[in-house]
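K.L.:
The following comprises the amino acid sequence and a computationally predicted model.
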Amino acid sequence: MNQLTIGKFIAQKRRELNLTQEQLGEKLGVSHKSISKWETGKCMPDYSIIEPLCQALGITISELLDGEENEKENIRTYDDSIILTLLEREQRMQTQMQMLIGIMLAVIGIALASFNGPIDGPCFQNFFHGIISGMSIVISLIGVFVIMRSISKWAK
């Protein structure tokens, strides 16, 4: 499954139907920016939009994921519902992995903050404490941001 190949195929089928990105986006209930991201291979459509996308473009799910039209003689080994289920699981696993990364970053940030003692002593020690404090805050904030982003994806 190559995102760039799939994106080019989406763009090709959209153009064959004389649709703009905006028109296709309206049909699917997404923005033209989302269509652009798919077509440039920056991201894949969400599993929940794949079936309506294929219907709008007049292609099958397996053709979309192959990035080309299948020949009539091809034997499909997977049903469309199985493909969609696998895509849903894969996207959920990515979200869970992002959530774990966020939690790990937040924990690392908190751990760094706990190692940081009071600021009193030579300049070098104060400098070191300042760097650790700054790093712990930044890492914790990045962790919280990643967690919140994962939660928002999961809620969709």
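P.N.:
Thanks, I have it.

K.L.:
make it CA atoms for all contacts and neighbour counts henceforth
P.N.:
Fine.

K.L.:
where's stretch 87-95 relative to the chain centroid, distance-wise?
P.N.:
Here stretch 87-95 is found 9 Å from its chain centre; the criterion is Cα atoms, centre = their mean, to the nearest Å.

K.L.:
buried sites along that stretch?
P.N.:
Buried residues in stretch 87-95, counted by 16 or more other Cα atoms under 10 Å: Leu87, Gln91, Arg92, Thr95.

K.L.:
so the third one is in which element?
P.N.:
Assigning secondary structure by DSSP states H and E places Arg92 in helix 80-115.

K.L.:
Quick check: what element follows that helix along the chain?
P.N.:
helix 123-155.

K.L.:
burial measure for Ala106, as a count.
P.N.:
24 (other Cα atoms under 10 Å).

K.L.:
Please report how far the residue nearest the centre of the chain lies from Thr5.
P.N.:
Closest to where the C-alpha atoms of the chain average out (Cα atoms, centre = their mean) is Cys43, at 6.5 Å. Distance, Cys43 to Thr5, using Cα to Cα, to the nearest Å: 12 Å.

K.L.:
Go through the buried residues of stretch 87-95 and name the one nearest Asn126.
P.N.:
Thr95 (39.1 Å; Cα to Cα).

K.L.:
Could you verify my assumption that the closest one touches Ser150?
P.N.:
Yes - contact status for Thr95 versus Ser150: in contact at 5.6 Å, counting by Cα atoms under 8 Å.

K.L.:
Low-confidence stretches in this structure?
P.N.:
Within the chain, the segments meeting pLDDT under 70 span 1, 71-79, 116-121, 124, 154-156.

K.L.:
From the contact counts, what lies against the helix holding Arg92?
P.N.:
Packed against helix 80-115 by the contact rule (3 or more Cα pairs under 8 Å, 6 or more residues apart in numbering; DSSP states H and E) you find helix 47-57, helix 61-66, helix 123-155.

K.L.:
run the last query once more with 6 Å
P.N.:
helix 123-155 (3 or more Cα pairs under 6 Å, 6 or more residues apart in numbering; DSSP states H and E).

K.L.:
Could you check the helix it packs on and say which residues are buried?
P.N.:
Quick answer for helix 123-155 (16+ other Cα under 10 Å): 129, 132-133, 135-137, 139-147, 149-150.
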